[in-house]
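Trainee: 3D, please:
(2 chains, ligands or ions: 3)
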Amino acid sequence: MIDLNSQAVPKGYYRRIGGRLGRQLGPLPLAISIARVMIGPDHILLIDGGLVFERYHRFYFRDIEAVIVRKTITRVLSLILMLILTALFALPAVFVTDEFARTVLIVCASLTLLLGIIGWFRGPTCACYIRTAVQTARLYPICRMRHTRTLFAALASIRLQGMAPE
Amino acid sequence: MIRVPCPECRKAEMTVENGMRMEMTCPNCNRAFDILAFDPPENTGCVTQNRISDTDPACFDHPGKRAEHVCDLCGRLICPLCAFTIAGRRICTHCISSRRNGRPILPLEHRRALYDGLAFRIALWPTILFYFTLFTAPLAIFTAVWNWRKPSSILPRTRIRSIAAILIALMQIVLIVILLIAIATAIRQYGD
Ligand SMILES: [Zn+2]
Ligand SMILES: [Zn+2]
Ligand SMILES: [Zn+2]
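Mentor: Ligands and ions are numbered 1, 2, ... in the order given. Below you'll find the model as predicted:
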């Protein structure tokens, strides 16, 4: 039994599952962590991060009744949005005679196109919920289908091991 | 059977077999869900595992004794003999013995302030933003020079903005170069 009020849990106690968006980007502390989902030995920890405060929500495996996943069309929508932005930047670039303006427009168009392509290849998007007897909570960082595969695999292996009472 | 309310519309319920993974559609909003239902929670003593009668729960450790309290930390049902009151909280013997290193017994934390991160950001942001001038300064000069001959406002105005932009950008570049030279010298001195 780990004392969860201690200064910090030991290394390797939690395993992170889920989106990169909710992660601090390397050594750059400019990035604001949004949310993280961690899997511990007997519970899932949802960390809501802000600039100063972190909020913790714990879902103990023994309380979890169901995990619910819904495929979303976010991936298609964001690709369409990015393609529209690309077109909005690229079309004027064809007609603009000013070389400086054209350079800026082309740079912007390639950036939005690149973002759209990256978003598409990060895989199908989804919404993931956890159901306990008292609530349904959305795990925001689990937003791609490949994350849910990891989550299901982790929960299945935990179920196989059997949850021993403390 | 586990009844799962639709997480999107919350107006209908779907029922899933225990331990099964099923594709379900909400009867109300017609959204499709992939639901993994778990086996019923194992009895860890936190619910009424022991009973004296149909209505009276028994203590987790003393099956013959009537439970009168709930442990504030683990939720076990406990008899008055097993309940300790510490800092206004009723705590069972299991939670007391699982206490480690003499730390005080507290409820689980739900929020923490990360002042180390805040201090780090306060210290670092101006430093990092300063380095952005490495890119913005040449960009400012490029913009000013590239468009030097092009007409500006329809109203008469001097070239003071372009000149100021170039001067400020040059100052920033000089500062960065000085800083880099200083760092390089310091590193070389350390190396010797
Ligand atoms: Zn629904
Ligand atoms: Zn307890
Ligand atoms: Zn007792």
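
Trainee: state the helix or strand in which A:Trp120 lies.
Mentor: A:Trp120 belongs to helix A:99-121 when assigned by DSSP states H and E.

Trainee: count of neighbours near B:Asp24?
Mentor: Let me fix one detail, which is that residue B:24 is Met and not Asp. 17 (other CB atoms under 10 Å in any protein chain shown). Where C-beta positions appear, they are placed from N, C-alpha and C, glycine not excepted.

Trainee: which strands border the one helix or strand in chain A whose mean pLDDT sits lowest, and is each parallel or antiparallel?
Mentor: Least confident helix or strand of chain A, by mean pLDDT, DSSP states H and E, is strand A:53-60 with a mean of 77. When pairing is defined by DSSP bridges, strand A:53-60 lines up against strand A:43-49 (antiparallel), strand B:111-113 (antiparallel).

Trainee: show me what counts as buried in the helix holding A:Trp120.
Mentor: Within helix A:99-121, the residues that count as buried by 16 or more other CB atoms under 10 Å in any protein chain shown are A:105, A:108-109, A:112-113, A:115-116, A:119.

Trainee: output it as PDB, restricted to C-alpha atoms.
Mentor: As requested, the backbone C-alpha atoms of helix A:99-121 are provided in PDB (Å, rounded to 0.1, in the frame of the first residue of the first chain):
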ATOM      1  CA  GLU A  99       6.600  39.100 -53.900                       C
ATOM      2  CA  PHE A 100       6.800  39.700 -50.100                       C
ATOM      3  CA  ALA A 101       3.100  39.100 -49.600                       C
ATOM      4  CA  ARG A 102       3.300  35.900 -51.700                       C
ATOM      5  CA  THR A 103       6.200  34.500 -49.700                       C
ATOM      6  CA  VAL A 104       4.300  35.100 -46.400                       C
ATOM      7  CA  LEU A 105       1.100  33.500 -47.900                       C
ATOM      8  CA  ILE A 106       2.900  30.500 -49.200                       C
ATOM      9  CA  VAL A 107       4.700  29.900 -45.800                       C
ATOM     10  CA  CYS A 108       1.300  30.100 -44.000                       C
ATOM     11  CA  ALA A 109      -0.300  27.800 -46.500                       C
ATOM     12  CA  SER A 110       2.400  25.100 -46.100                       C
ATOM     13  CA  LEU A 111       2.200  25.400 -42.300                       C
ATOM     14  CA  THR A 112      -1.600  24.800 -42.200                       C
ATOM     15  CA  LEU A 113      -1.300  22.000 -44.800                       C
ATOM     16  CA  LEU A 114       1.500  20.400 -42.700                       C
ATOM     17  CA  LEU A 115      -0.600  20.700 -39.500                       C
ATOM     18  CA  GLY A 116      -3.500  19.100 -41.200                       C
ATOM     19  CA  ILE A 117      -1.400  16.100 -42.500                       C
ATOM     20  CA  ILE A 118       0.100  15.600 -39.100                       C
ATOM     21  CA  GLY A 119      -3.300  15.600 -37.400                       C
ATOM     22  CA  TRP A 120      -4.600  13.100 -39.900                       C
ATOM     23  CA  PHE A 121      -1.700  10.600 -39.500                       C
END
